[in-house]
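Undergrad: Have a look at this fold, sequence not included:
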């Protein structure tokens, strides 16, 4: 539902674009940070990427700490003077300050209005005055046909940008374009110099048992796999594919290697590449596929590397719902709307509370990938006593850490 509303919000903003400042975004979609305080904003309504140089606001906190904001709708509404539902397009974390940047659409004075918000851990919100920042713009060529719609009312241009990822001096841009092969992956050098490459992408979809060229990549991350820069891309319903960046030449048609079928009836929301240390201080690298309708899928870089070097999947799954390919660990990340790598200790999520409907901006500690305060369990009863053994001691220490993370230091048990 929220995905559909987000796509329709792009169309609504396009209708009001005549009131926009020249060269300002007509819609506020996917966000991505680049070098030197650069914030990229995907503008599907005009088919452009805007790059803003944000002012320096200091460094990150000395210690990684969690976000525990349980009503972002109110924060955004108060900052905008908004009335009505807020539709969230994306979440990104500033690489220096670790502030959360959120793109959203809401109703102000009866008009659909988009904006970008910077939110701190203490709940302070500022609306970015984009017109005040130095900026540049790159406009895509051969964008989707505005006359094409899906489900009668979702315009094809709303899929001009399905994801952005900055790596090695380039923006990687997934989405649809005109032409026989609609699924397109672009490379746009930054700083913008007017050049770009455009590659059509084909994949084998094991749940559908067919090669597909129209449906775009929905979420991706560019990852170094055994020394090769590689786009790890997730598609609707949910094949996972690797595409070597070196193959992405202008005008080429590339077939990605399908390395997993993760399950049917699902839209991937984000693909995140991150590092995390265990309690012994040993650092491992992971890729996380955050899903809209299913559990998230955690993949070690080691397993991803093995799958990328193998033959890939070329046969259909034996039945609807069967999974295959690279080994994954399911994570209980329900209600997540968008997710980003926050810092060395945490992932940050916009998620919808399934009981109240409130939008939350909350952190998940890497390694646990759940929030203890979401549950009432045996451990919460006041007469519960931890056993006097090594395993119980470890559980107590771990739970105490999560209690402090989530703003409940008074619940720490000795």
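TA: That came through fine. This structure is a prediction, so every number in the text was calculated from the model and none was measured.
Undergrad: list the helices and strands the helix or strand where residue 78 lies packs on?
TA: Secondary structure assignment for residue 78, by DSSP states H and E: helix 72-80. The contact analysis (3 or more C-beta pairs under 8 Å, 6 or more residues apart in numbering; DSSP states H and E) places helix 72-80 against strand 100-108, strand 111-119, strand 125-127, strand 359-365. To be clear about C-beta, it is placed using only N, CA and C from the backbone, and glycine gets the same treatment.
Undergrad: quick one, which of the ones you listed is nearest to residue 347?
TA: Taking C-beta to C-beta, strand 359-365 is the member of these nearest to residue 347, at 4.8 Å.
Undergrad: any idea of the angle that closest one forms with helix 72-80?
TA: Note on geometry: by axes from the mean of the first three to the mean of the last three C-alpha atoms, to 10 degrees, strand 359-365 and helix 72-80 are set 120 degrees apart in direction.
Undergrad: buried ones in whichever helix or strand comes after strand 359-365?
TA: Counting by DSSP H and E, the element after strand 359-365 in chain order, helix or strand, is helix 390-405. By 16 or more other C-beta atoms under 10 Å, the buried positions in helix 390-405 come out as 396, 399, 400, 402, 403, 405.
Undergrad: now do stretch 312-325
TA: By 16+ other C-beta under 10 Å, the buried positions in stretch 312-325 come out as 312, 313, 316, 317, 323, 324, 325.
Undergrad: can I get these in CSV with pLDDT, secondary structure and distance to residue 230?
TA: Shown next, in CSV, are those (pLDDT from 0 to 100; DSSP: H, G, I helix; E, B strand; the rest coil; distance: C-beta to C-beta, whole Å):
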residue, pLDDT, secondary structure, distance to residue 230
312, 97, coil, 13
313, 97, coil, 16
316, 95, coil, 25
317, 95, coil, 24
323, 95, coil, 21
324, 96, strand, 20
325, 97, strand, 15
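Undergrad: quick one on the thing from earlier: out of the buried residues of helix 390-405, flag the one nearest to residue 207.
TA: Nearest to residue 207 among these: residue 402, at 36.0 Å, using C-beta to C-beta.
Undergrad: Quick check: the closest one touching residue 368?
TA: Yes. Here residue 402 reaches residue 368: they are 6.5 Å apart, a contact under C-beta atoms under 8 Å.
Undergrad: mind listing what the residue positioned nearest the centre of the chain touches?
TA: In the chain, the residue lying closest to the centroid (C-alpha atoms, centre = their mean) is residue 270, at 3.4 Å. Neighbouring residues of residue 270 by C-beta atoms under 8 Å, 6 or more residues apart in numbering: 219, 288, 289, 290, 338, 339, 340.
Undergrad: if we can go back for a sec, and the helix holding residue 78, average pLDDT?
TA: The average pLDDT for helix 72-80 rounds to 90.
Undergrad: Tell me the helix or strand right after the lowest-mean-pLDDT helix or strand in the chain.
TA: Between all helices and strands in the chain, the lowest mean by mean pLDDT, DSSP states H and E belongs to helix 2-15, at a mean of 51. Using DSSP H and E, the helix or strand that follows helix 2-15 in sequence is strand 31-33.
Undergrad: Okay, helices next: where are they in the stretch 201-350 of the chain?
TA: Ranges of helices within the stretch 201-350 of the chain are 301-309, based on DSSP state H, counting those that start in this stretch.
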